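Participant: Quick check, what structure comes out for this input:
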Amino acid sequence: MTLEEVVGSNSTEKKMETVSQALEELLVAAQRQDCLTVGVYESAKLMNVDPDSVVLCVLATDEEDEDDIALQIHFTLLQAFCCDNDINILRVSGMRRLGQLLEEDTKDNNGNEPRDLHCILVTNPPVQPLQCQALQDVGSFCEESRCRNQWVPCLELQDR
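Facilitator: Residues are numbered from 1 along each chain as shown. As a prediction, the model looks like this:
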């Protein structure tokens, strides 16, 4: 391994960690401002009605979800829609961390199943737009990835 490869990989790891932290901050801020749509079905409905309000689509899986053909088909359709409508997309692993961030329990107070965290949309309503550096950081990362022909960049959220 050359020095350039070592330095380059360290800066890439640091960049990914920075973007992961920005994504976590963004999701928490968006949830506080009621700017999150959670669930594959709910996300598809929102994008059908108001795609212009969506600024980020987070597609989350873990290893056990990789063989779920139905979920992968949903993801393919969502990704195509996002690309057609210039919506930033991130593929994320670390469902447990995502649940921690969004304060998801295994069951809610009424004994219902938890929300489907496989697809999360961040919306930015024109009336009260999100004023968040994290949104700009994640958006810049997605744009840089597209410039490198990586249309759906992947991040890993680490348990804490």
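
Participant: Does the nearest residue to R115 once chain neighbours are set aside have any beta-bridge partners, and if so which?
Facilitator: Nearest residue to R115 in three dimensions, chain neighbours excluded: V38, at 4.7 Å (Cβ to Cβ, 6 or more residues apart in numbering). C-beta here means a position set from N, CA and C on the backbone, and glycine is covered the same way. Beta-bridge partners recorded for V38 (DSSP bridges): I120.

Participant: dump the residue contacts of V38.
Facilitator: Contact analysis of V38 by Cβ atoms under 8 Å, 6 or more residues apart in numbering lists 102, 115-117, 119-121.

Participant: Can you tell me which of these are buried?
Facilitator: Burial by neighbour count, 16 or more other Cβ atoms under 10 Å: within the contacts of V38 this picks out 102, 117, 119-121.

Participant: with these in mind, which one is nearest to H74?
Facilitator: For the buried ones among the contacts of V38, the closest approach to H74 (Cβ to Cβ) belongs to C119, at 7.4 Å.

Participant: and the spatially most central residue of the chain, helix, strand or coil?
Facilitator: Residue closest to the mean C-alpha point of the chain, counted by Cα atoms, centre = their mean, is V58 at 2.3 Å. Classification of V58 using DSSP: H, G, I helix; E, B strand; the rest coil returns strand.
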